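1. below is the sequence, then the predicted model.
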Amino acid sequence: MSLAPRIQARQSQQLTMTPQLQQAIKLLKLSNIELAAFVEEQLEKNPVLERGTGDENRRGEAADVGKGDDFGEMSLEAPSKVATEALDAPDHAVDSEAMVTTAPAADVGGSVDWSKAGPGGSFSVSSEYDAAANTSAPTTLAEHLRGQLMLARIAERDRPIAEYLINLIDDAGYLRDGTEDIAERLGVNAARVTSVLVELRGFEPTGVFARDLVDCLALQMRERGELDGAMEVLLANLSKLAKHDLPGLAKVCGVDKARLLEMVGSLKTLNPKPGSAFTGDVAVAIEPDVFIKETGTGWAVELNSATLPRVLVNHRYVNEVNSLGGDEATRSFMTECQQNASWLVKSLDQRAKTILKVATEIIKHQDGFFAYGVDHLRPLKLAQIADAIEMNESTVSRVTSNKFMSTPRGVFELKYFFTTAITSSDGGEGHSAEAVRNKIKILVGEEVVGKVMSDDAIVDKLRAQGVEIARRTVAKYRESLGIPSSVVRRRILKVAG
């Protein structure tokens with residue numbers, strides 16, 4: 001075998017991703033607030049890019065992204081076809097020519113020949129703006145609470161309620177909405193909401209889900225074991241403390257001055273805003289990306305045009321600069337700016353249409369929730385939406401991250417509507433987790449003395465009914481229902497018999 005160096009020609013195929021396509025994909029992941037910040041930066045950097053005002057169509061100059069019939073409203077009966085194939089690609093393999101096949105948005109001064117838009121436009125992935133870094137924020141309060149929810153002993157059927165309550169708390173960690181209002185939105189009784197809320201009020205940091213400052217401080221004092229009668233009176237009279245009326249406070253609390261000072265000292269060690277450690281100094285408001293409205297024939301999905309950046313490309317400015325007879329470097333710079341601006345306009349257009357397309361399909365699958373409430377959420381996976389709209393699952397994942405939907409029942413993150421399902425053993429449609437929990441409840445309810453089933457026996461019974469389930473899942477569902485182990489149930493039935 002020869003070990004001498006040699007030159008060998010080899011032909012291979014490789015999928016690449018242009019900087020512009022990387023930008024288009026990353027724009028999908030950004031929230032509307034992050035997107036607005038990104039566009040503002042591009043407006044400052046690119047002299048060809050201009051802010052749209054909403055009346056460009058009337059002036060015949062441009063069509064602005066975020067308004068108009070192109071993607072203003074979509075009916076569920078006849079969803080429009082949207083060209084989004086260019087964004088429908090996994091992170092590791094994207095066809096760099098995919099964007100060329102779709103029609104560009106209207107620009108000032110004429111159309112753009114996208115076949116000539118080469119990889120020179122690198123503004124989208126420059127070190128000056130890192131979209132990925134923008135989305136890699138520290139753990140938020142909501143994420144911290146969801147981590148605890150995974151371990152909490154809350155019934156499976158009530159977990160959507162818990163998710164909704166987590167989404168409602170403000171940056172301080174308070175829950176301002178009333179229980180009755182929340183129950184009405186979700187289509188459940190107030191007792192269920194209260195039961196879930198009791199569990200959530202035990203989460204860390206202590207004081208979250210409080211109704212107000214007094215409630216927040218009381219939760220923290222109760223955890224310390226210091227919430228006695230005198231402390232409750234002190235919390236009810238914080239206005240006197242604010243006025244430094246110590247003699248009056250000591251009198252109403254029924255304690256001497258020394259004891260009062262100790263109580264006040266304890267209060268000062270508490271955190272009046274337990275959620276602030278996660279949110280920092282900047283409060284981020286949630287603006288819905290889409291609105292869901294009930295019509296006479298079903299549900300209509302409409303983009304929130306108020307949060308969509310409106311930008312346009314001023315080709316006339318490019319022509320004027322080039323007509324001045326500048327050098328080659330100037331013409332090259334203007335051409336690159338023109339291509340980058342045009343690509344951004346197109347990417348924003350496709351992002352908006354893709355969000356609308358995904359949201360529309362979610363409504364089709366979860367129409368029961370909107371009509372009847374949280375108990376009617378159906379099992380749903382990202383892959384189901386991806387298959388229905390003929391896009392990649394990773395694209396759907398990007399679209400549902402940090403995107404919110406305003407509905408008659410409140411504002412929900414798109415990811416909220418994706419729920420787990422239990423596989424069917426006969427290959428048919430899967431069973432919802434709630435349906436399986438109900439089957440377990442029925443099986444246990446039919447037990448008699450001498451015929452108490454173990455978790456393994458319940459697994460066999462369920463599989464005979466077409467439910468493919470693991471023993472640990474049965475144990476989890478049984479515990480969430482408050483059903484004791486088979487050993488304890490045998491003792492109960494023996495005593496009752």
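-> The structure has been received and is ready for your questions. Numbering: from 1, shown residues only.

2. touching, His144 and Phe278? I think so.
-> Yes - the criterion here is Cβ atoms under 8 Å, and His144 meets it with Phe278 at 5.9 Å. For every residue, glycine as well, the C-beta is placed using N, CA and C.

3. what's near enough to touch Leu462?
-> Contacts here follow Cβ atoms under 8 Å, 6 or more residues apart in numbering; on that basis Leu462 touches 436, 439-440, 443, 469, 474.

4. just the residues you listed now: which is nearest Gly482?
-> Checking the contacts of Leu462 against Gly482 by Cβ to Cβ gives Ile440 as the nearest, at 11.6 Å.

5. and that closest one, what element?
-> For Ile440, the host element (DSSP states H and E) is helix 433-445.

6. can you give me the angle the next helix or strand after that helix makes with helix 433-445?
-> As assigned by DSSP H and E, the chain's next helix or strand after helix 433-445 is helix 455-464. Computed by axes from the mean of the first three to the mean of the last three Cα atoms, to 10 degrees, the angle separating helix 455-464 from helix 433-445 equals 120 degrees.

7. just the CA trace of helix 455-464, in PDB.
-> In PDB, the C-alpha atoms belonging to helix 455-464 read as follows (Å, rounded to 0.1, in the frame of the first residue of the first chain):
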ATOM      1  CA  ASP A 455     -50.800  -1.000  38.900                       C
ATOM      2  CA  ASP A 456     -49.600  -3.800  36.700                       C
ATOM      3  CA  ALA A 457     -53.100  -5.300  36.600                       C
ATOM      4  CA  ILE A 458     -54.500  -1.900  35.700                       C
ATOM      5  CA  VAL A 459     -52.000  -1.700  32.800                       C
ATOM      6  CA  ASP A 460     -53.200  -5.000  31.500                       C
ATOM      7  CA  LYS A 461     -56.900  -3.900  31.700                       C
ATOM      8  CA  LEU A 462     -56.200  -0.700  29.900                       C
ATOM      9  CA  ARG A 463     -54.200  -2.400  27.100                       C
ATOM     10  CA  ALA A 464     -57.200  -4.700  26.700                       C
END
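
8. quick check, distance from it to the centre of its chain.
-> With Cα atoms, centre = their mean, to the nearest Å as the basis, helix 455-464 stands 36 Å off its chain's centre.

9. also stretch 205-215?
-> Centroid displacement of stretch 205-215 relative to its chain, using Cα atoms, centre = their mean, is 24 Å.

10. for that stretch, measure first residue to last.
-> Terminal residues of stretch 205-215 are spaced 14 Å apart (Cα to Cα, to the nearest Å).

11. just name the shakiest helix or strand of the protein by mean pLDDT.
-> Every helix and strand of the chain was ranked by mean pLDDT, DSSP states H and E. The lowest is strand 73-75, at a mean of 35.

12. between the contacts of Leu462, which is nearest Arg6?
-> Distance to Arg6 across those (Cβ to Cβ) is lowest for Ile469, with 60.1 Å.

13. the closest one is in contact with Asp456, isn't it?
-> No - judged on Cβ under 8 Å, Ile469 makes no contact with Asp456 at a distance of 11.3 Å.

14. mutual contacts of these two, please.
-> With contacts taken as Cβ under 8 Å, 6+ apart, not a single residue reaches both Ile469 and Asp456.

15. okay, these two: which has more neighbours?
-> A count of neighbours by other Cβ atoms under 10 Å puts Ile469 above the other of Ile469 and Asp456, at 20 against 11.

16. and that one, helix, strand or coil?
-> Secondary structure assignment for Ile469 (DSSP: H, G, I helix; E, B strand; the rest coil): coil.

17. over to Gln11?
-> coil.

18. residues near it, how many?
-> So Gln11, with other Cβ under 10 Å, has 4 neighbours.

19. which stretch of helix or strand covers the spatially closest residue to Ser266 that is not a sequence neighbour?
-> Leaving aside its chain neighbours, Ser266 sits nearest to Glu226 (6.1 Å; criterion: Cβ to Cβ, 6 or more residues apart in numbering). For Glu226, there is no helix or strand it lies in under DSSP H and E.

20. from Thr335, how far off is Glu41?
-> According to Cβ to Cβ, to the nearest Å, Glu41 and Thr335 sit 21 Å apart.

21. what about those two, which has more around it?
-> It is Thr335, of Glu41 and Thr335, that has more neighbours when counted by other Cβ under 10 Å, with 16 against 13.

22. helix or strand: which one has that one?
-> Going by DSSP H and E, Thr335 is in helix 328-365.

23. average pLDDT for that helix, rounded please.
-> Averaging pLDDT along helix 328-365 gives 89.

24. how close does the residue nearest to Ser266 sit to Asp245?
-> Per Cβ to Cβ, Glu226 is found 22 Å from Asp245.

25. what of Leu43?
-> As for Leu43, its distance to Asp245 is 55 Å (criterion: Cβ to Cβ).

26. go on, Val214?
-> Applying Cβ to Cβ, the value for Val214 to Asp245 is 17 Å.

27. phi first, then psi, for the closest residue to Cys337 other than its chain neighbours.
-> Distances taken as Cβ to Cβ, 6+ apart put Val48 closest to Cys337, at 4.4 Å, once the chain neighbours are dropped. As for Val48, its main-chain torsions (degrees, to the nearest 10) stand at phi -80, psi -20.

28. wait, Val48 sits on Val311?
-> No - look at Val48 against Val311 with Cβ under 8 Å: they stay out of range, at 10.4 Å.

29. common neighbours of the two, please.
-> Ala341.

30. hmm, Leu312 is touching Val345, no?
-> Yes - contact criterion Cβ under 8 Å: Leu312 and Val345 qualify, at 6.6 Å.

31. what number of residues lie near the closest residue to Ile362 other than its chain neighbours?
-> Setting aside the residues directly before and after it, Ile362 is nearest to Phe417 in space (Cβ to Cβ, 6+ apart), at 5.1 Å. Phe417 has 21 neighbours, counted by other Cβ under 10 Å.

32. please tell me how far Phe417 sits from Arg409.
-> Distance from Phe417 to Arg409, by Cβ to Cβ: 12 Å.

33. between those two, what contacts are shared?
-> Common neighbours of Phe417 and Arg409 (Cβ under 8 Å, 6+ apart) are Phe369.

34. show me how this structure divides into domains.
-> Here the domain parsing of the chain from automatic domain parsing is 19-65+83-134+288-413, 213-273, 421-496.

35. excluding chain neighbours, what is closest to Arg490?
-> Distances taken as Cβ to Cβ, 6+ apart put Val452 closest to Arg490, at 4.7 Å, once the chain neighbours are dropped.

36. which ones are touching the one you found?
-> By Cβ under 8 Å, 6+ apart, the contact set of Val452 is 486, 489-490, 493.

37. and the two most separated of the contacts of Leu462?
-> Using Cβ to Cβ, those span at most 12.1 Å, a distance reached by Leu443 and Ile469.

38. and Glu40, what element?
-> helix 32-45.

39. got the buried residues for stretch 439-459?
-> Within stretch 439-459, the residues that count as buried by 16 or more other Cβ atoms under 10 Å are 439-440, 443-444, 452-453, 455, 458-459.

40. need the pLDDT of Pro19.
-> pLDDT, Pro19: 69.

41. so where is the stretch 51-200 of the chain shaky, pLDDT-wise?
-> Residue ranges of the stretch 51-200 of the chain with pLDDT under 70: 53-138.

42. how about the CA coordinates for stretch 311-323, as PDB?
-> Taking C-alpha atoms only, stretch 311-323 is exported to PDB below (Å, rounded to 0.1, in the frame of the first residue of the first chain):
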ATOM      1  CA  VAL A 311     -40.700  48.600   6.400                       C
ATOM      2  CA  LEU A 312     -40.100  49.200   2.700                       C
ATOM      3  CA  VAL A 313     -37.200  49.500   0.300                       C
ATOM      4  CA  ASN A 314     -36.500  52.800  -1.400                       C
ATOM      5  CA  HIS A 315     -35.100  51.800  -4.800                       C
ATOM      6  CA  ARG A 316     -35.400  55.400  -6.000                       C
ATOM      7  CA  TYR A 317     -32.800  56.500  -3.500                       C
ATOM      8  CA  VAL A 318     -30.400  53.800  -4.800                       C
ATOM      9  CA  ASN A 319     -30.900  55.100  -8.400                       C
ATOM     10  CA  GLU A 320     -30.300  58.700  -7.300                       C
ATOM     11  CA  VAL A 321     -27.000  57.800  -5.600                       C
ATOM     12  CA  ASN A 322     -25.800  55.700  -8.500                       C
ATOM     13  CA  SER A 323     -26.700  58.500 -11.000                       C
END
